[in-house]
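> please find the sequence and the predicted model below.
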Amino acid sequence: MKFNRRDLLMGGAALSASSLISPAGTALDQRRNHAASGSGPFQPSWNSLRNITVPQWLREGKFGIYTHWGVYAVPAYSRNATWYAHNIYNNPDSDERKHHEATYGPLEKFGYKDFIPMFTASHFDPDEWAELFKNAGARFAGPVAEHHDGFAMWDTKYSAWNAAKMGPKRNVVGELSKSIKQQGMKFLTAFHHAEHWFYFPTWDKRYDVSNPQYSGLYGVSHDKDAIPDKAFLDVWLGKLIEVVDAYDPDIVWFDDGLRVIQQGYREDFLSYYFNRAAKLRKDVIVTYKSHDFTPGVGINDLELGREANMTYYEWITDTTIDSGSGWGYVSNLGFKSADELVTGLVDRVSKNGFLLLNVGPKPDGTIPEPAKERLLAMGKWLQVNGEAIYNTSPWLVPGEGPTQLKKSGAFNEDNNLRYTPQDIRYTYRDNCLYAICLTWPGDKAFFTKLVPNNELIDRWVGLYPSEVESIKMLGSDEPIKWEFTKEALIATTPKVKPCDHAFVYKIALKKPF
């Protein structure tokens, strides 16, 4: 299905991005001036912005869910759904381009804009989504507000190319904001729109991306090597402020691409967001990748990765529920197992990290059944074992066992990890040490890190035997017997497994003397 001229004009699609930018002296400039004036505790400077603290609700919650849902759900093709459009225009020999032209015809006649009428959201139910995320055990959730493709998922004044006016004709961000908050979760909005500057080859005259009639979606045409101009930067900032003011997110998550945004605009947004939150007496946070903000401003995000060891700083990883890196809905991708998702959460939390899990809904707004099943399996596990995750802190050592990541940081996710009975992770809360066995330990569990190590370079006293008051396995009423040996604290296992995945020993501690 394509747009005809009447559809385009009725939707206001002929408006260019430049015609939607707030001119000097309007509300956007007033907000920038307000940020620059230092009205509030935060100045628009890296020195001042480094004083952000991680909210207690995030330290307690640990686990969130977000959705990559947009026009890219329609073709549902590519290793990464969200880069489908970039690849069809920029890489003529790409698999995506071949698929596109075989399925929809020549790119010159069927462009990315022509997918929008197929993005119907006919079964989109924000209350159903929010209830599912709550039942999965998430403590914060929300949508991608705008991806690289320039199609906004809220009713923005900066572009007629948005979900409220085209495609679904629903204010997705606004509706999800209400539903997620009603479930008692914190609200997240994710932004990828900095990369819109280079996502489409607006300089290529062969395709619709260079046609001024569609610049509200594809962007105003510019030279390939040009840096973002003031008009683009004003829209980037304006959209952020618009969403913050209208939907009051608790987390603003940023993808790669911020490095193409002039730093003053980054500082202006952050000071505006944090000062607004201070005025409302609420705790908010931003995430970023690499060094797109100066260290200490928000939380660093590790895409498809995690830290290999415990860190002194808190961090978050965004991964996706599919088995690859599809991010949005891709029709032929499989899914991670519930066990991978649970153990991945445990491993991150033990090392001072948080988990943000992506789900990609179909273009009609339904969440794939395999994704639902895995989310509910996570929720079932957290109902039994949540006290070992929520409101915990890392312990003195993150864990033990032979199965370790080969490297640390982003893009180190290994879906082929196979944990052994010796692989254990530790968390701590309220004088209780949680020893989490990443797979069933057999008849007995052996915790070697809980006894003294007298190695000259790595001396460690572990736990004193008189320090242990009781041991139980969460979800089981069967008594646990334990003993200290020189090699390990050894604990028996119940006859009946209390859950399907990682198994948690709760070790209640007391003063040893």
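Perfect, I can see it now. Numbering: from 1, shown residues only.

> got the end-to-end distance for stretch 315-328?
Stretch 315-328 has an end-to-end distance of 23 Å (C-alpha to C-alpha, to the nearest Å).

> check stretch 176-193 too.
This stretch, stretch 176-193, spans 19 Å end to end (C-alpha to C-alpha).

> distance from the chain centre to that stretch, please.
A distance of 12 Å separates the centroid of the chain from that of stretch 176-193, by C-alpha atoms, centre = their mean, to the nearest Å.

> quick one: the helices in the stretch 1-150 of the chain?
5-10, 27-36, 46-49, 56-61, 84-90, 95-104, 126-135 (DSSP state H, counting those that start in this stretch).

> pick out the shakiest of the ones you listed, pLDDT-wise.
When the helices of the stretch 1-150 of the chain are compared by mean pLDDT, helix 5-10 comes last with a mean of 35.

> show me which residues of stretch 119-139 are buried.
For stretch 119-139, the neighbour count (16 or more other C-beta atoms under 10 Å) marks 119-121, 124, 126, 129-130, 132-139 as buried. Every residue, glycine included, has its C-beta placed from N, CA and C.

> and what of stretch 175-187?
Going by 16+ other C-beta under 10 Å, stretch 175-187 has these buried residues: 175-177, 179-181, 183, 185-187.

> specify which member of the residues you listed is nearest to Lys481.
In terms of C-beta to C-beta, no member of these lies closer to Lys481 than Met185, at 40.1 Å.

> and of the buried residues of stretch 175-187, the nearest to Trp327?
Distance to Trp327 across the buried residues of stretch 175-187 (C-beta to C-beta) is lowest for Leu176, with 17.6 Å.

> you'd agree the closest one is up against Glu128?
No - under the criterion of C-beta atoms under 8 Å, Leu176 makes no contact with Glu128, lying 11.0 Å away.

> can you pull the contacts of the residue nearest to Gly298 when sequence neighbours are not counted?
Excluding the flanking residues, the one nearest Gly298 by C-beta to C-beta, 6 or more residues apart in numbering is Val286, at 3.8 Å. Each residue near Val286 by C-beta atoms under 8 Å, 6 or more residues apart in numbering is listed here: 52, 251-254, 270, 273, 293, 297-299.

> which of the residues you listed fall in helices?
Among the contacts of Val286, DSSP state H puts 270, 273 in helices.

> could you identify the least confident member of the contacts of Val286?
In terms of pLDDT, the lowest of the contacts of Val286 is Ile52, showing 90.

> need the contact list for that residue.
Here Ile52 is in contact with 274, 285-286, 296-298 (criterion: C-beta under 8 Å, 6+ apart).

> try 7 Å
Contact partners of Ile52, counting by C-beta atoms under 7 Å, 6 or more residues apart in numbering, are 274, 285, 297-298.

> name the nearest of those residues relative to Ser78.
Gly298 (29.6 Å).

> now Glu483. Nearest residue, chain neighbours left out?
Nearest to Glu483 is Ile490, by C-beta to C-beta, 6+ apart, at 5.4 Å.

> that neighbour and Val451, how far apart?
Per C-beta to C-beta, to the nearest Å, Ile490 is found 10 Å from Val451.

> and Ala102, by the same measure?
63 Å.

> higher neighbour count, the two?
Val451 (20 against 8; other C-beta atoms under 10 Å).

> chain center to stretch 236-243: distance?
That offset, for stretch 236-243, works out to 19 Å (C-alpha atoms, centre = their mean).

> picking that back up, and which of the contacts of Ile52 is nearest to Ile88?
When these are compared against Ile88 (criterion: C-beta to C-beta), the nearest one is Gly298, at 33.4 Å.

> which residues touch the closest one?
52, 285-288.

> mind checking the SS state of the residue nearest to Trp253 when sequence neighbours are not counted?
Residue nearest to Trp253 in three dimensions, not counting chain neighbours: Ala190, with 4.2 Å by C-beta to C-beta, 6+ apart. Three-state call for Ala190 (DSSP: H, G, I helix; E, B strand; the rest coil): strand.

> was I right to think Tyr158 contacts Val235?
Yes - shown here, Tyr158 and Val235 form a contact pair, counting by C-beta atoms under 7 Å, at 5.2 Å.

> which of the two has more residues huddled nearby?
Between Tyr158 and Val235, counted using other C-beta under 10 Å, the more crowded position is Val235 (25 against 22).

> state the mean pLDDT of stretch 153-167.
Within the predicted structure, the mean pLDDT of stretch 153-167 is 98.

> show residues contacting that stretch.
The contact list for stretch 153-167, computed with C-beta under 7 Å, 6+ apart, reads 11-13, 15, 17, 20, 70-71, 116-117, 119-120, 143-146, 150-152, 170-174, 216-217, 235, 238-239, 242-243.

> report the buried members of these.
11, 13, 15, 17, 20, 70-71, 116, 119-120, 143-146, 150-152, 170-174, 216-217, 235, 238-239, 242-243.

> related to what we said a few turns ago, residues touching the residue nearest to Trp253, list them.
Ala190 touches 66, 144-145, 253, counting by C-beta under 7 Å, 6+ apart.

> measure how far stretch 83-97 is from the centre of its chain, please.
Counting by C-alpha atoms, centre = their mean, stretch 83-97 is centred 25 Å from the centre of its parent chain.

> buried ones in that stretch?
83-90, 94, 96-97.

> Trp482 versus Pro41, what's the distance?
Pro41 is 50 Å from Trp482, by C-beta to C-beta.

> which one's more surrounded, these two?
Neighbour tally, Pro41 and Trp482, criterion other C-beta under 10 Å: the higher count belongs to Trp482, 17 against 12.

> the residue nearest to Trp253 pairs with what?
Legend: beta-bridge partners of Ala190 under DSSP bridges are Val144, Trp253.

> what about it, distance to His100?
Ala190 is 26 Å from His100, by C-beta to C-beta.

> next one: Pro421
Noted for Pro421: a distance of 48 Å to His100, by C-beta to C-beta.

> just Leu489 next, same as before
59 Å.

> that older thread, which one of the contacts of Ala190 is nearest Asn415?
Of all those, Asn415 sits closest to Tyr66, with 20.0 Å by C-beta to C-beta.

> ok, the closest one touching Asn358?
Yes - between Tyr66 and Asn358 a contact is recorded at 5.8 Å, counting by C-beta under 7 Å.
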